[in-house]
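[1] Any chance you could fold what I've pasted below:
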Amino acid sequence: MEIALRFLGTRPRTRHELEQRLRRAAVPVDLVATTLDRLGELGYVDDAAFARWWREQRDRHAPRGRRMLDAELRQRGVPREVIEADRDEQVAPERAPEDEGLPETESERAREALERHLRGRPMPAEPNAVRRIGMFLMRRGFDAETVRATIRAAEPATDEATFDDSPPG
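    Have a look, this model is predicted:
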C-alpha cells in the first residue's frame, strides 16, 4: 500500500500503471490485487476519473486530437469501454467554472494547438510551410478534415483585387 500511495502522490494513475509499478517492486500477486481493490474502494484508483483528468490536462497544456488522446489513454492501460464512455461524455460536457476557456470541440483543440505552435507568428504563406504545419497537426492526432479547416481558417485573408491579372475595365 505504501508503494502504491507514493506512486499516486505525483499524479493520478490508472489501475494498470499501479499494477505494473507494484509488480516491478516484486509485490506478491495476491497482495497486488488486494491493494488495487482497496485503493479502488477508497477512490484513489478510478480509470474513468483518470481519463477525464488526462483529457483536461491535455486541453489545458498540450491540445491533442481525439485519436491521439485515445491512443495515450490506451497506452496507460485504460480499458476501451472507459475511453469510449469518456469520449461520449466529451460530446456534451458539463463545464465547471474553472474549465472556462478550454477547447470544447475538436476544431477548437486544433486551433489552440496551431496557435501554440505558431507562438504569435503569422501563418506562413509558402505551400511547404503550410504542409509542414498540417503534418504537425496530423501528428497531434487531428483528422485530415479538421486540419484542412483549421489551416484554411488561419490563413491570412488575401485581397483578390491585388492578384487579379485581368485588365481593368
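[2] residue boundaries of the helices in the protein?
    Taking DSSP state H, the helices of the chain run over residues 2-8, 15-24, 29-42, 47-61, 66-75, 80-91, 106-118, 127-139, 144-154.
[3] From residue 42, how far out is the closest residue to residue 23 other than its chain neighbours?
    Of all residues not flanking residue 23 in the chain, residue 32 sits nearest, at 6.5 Å (C-beta to C-beta, 6 or more residues apart in numbering). Bear in mind the C-beta positions are built from the backbone N, C-alpha and C, glycine included. Distance of residue 32 to residue 42, computed by C-beta to C-beta, to the nearest Å: 16 Å.
[4] So for those two, which residue has more residues nearby?
    residue 32 (19 against 10; other C-beta atoms under 10 Å).
[5] picking that back up, out of the helices of the chain, which gets the lowest mean score?
    In terms of average pLDDT, helix 80-91 trails the rest of those, at a mean of 84.
[6] Just the C-alphas of that helix, formatted as PDB.
    Extracted in PDB, the C-alpha atoms of helix 80-91 (Å, rounded to 0.1, in the frame of the first residue of the first chain):
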ATOM      1  CA  ARG A  80     -11.600   0.600 -24.300                       C
ATOM      2  CA  GLU A  81     -15.100   0.900 -22.800                       C
ATOM      3  CA  VAL A  82     -13.900   3.500 -20.400                       C
ATOM      4  CA  ILE A  83     -12.300   5.500 -23.200                       C
ATOM      5  CA  GLU A  84     -15.500   5.300 -25.300                       C
ATOM      6  CA  ALA A  85     -17.700   6.400 -22.300                       C
ATOM      7  CA  ASP A  86     -15.300   9.300 -21.700                       C
ATOM      8  CA  ARG A  87     -15.400  10.300 -25.300                       C
ATOM      9  CA  ASP A  88     -19.200  10.200 -25.300                       C
ATOM     10  CA  GLU A  89     -19.200  12.400 -22.200                       C
ATOM     11  CA  GLN A  90     -16.900  14.900 -24.100                       C
ATOM     12  CA  VAL A  91     -19.600  15.400 -26.800                       C
END
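[7] what angle separates that helix from helix 47-61?
    Going by axes from the mean of the first three to the mean of the last three C-alpha atoms, to 10 degrees, helix 80-91 is angled at 50 degrees with respect to helix 47-61.
[8] Tell me how many other residues surround residue 62.
    12.
[9] Might you report the residue contacts of it?
    Contacts for residue 62 were tallied using C-beta atoms under 8 Å, 6 or more residues apart in numbering; they are 113, 116.
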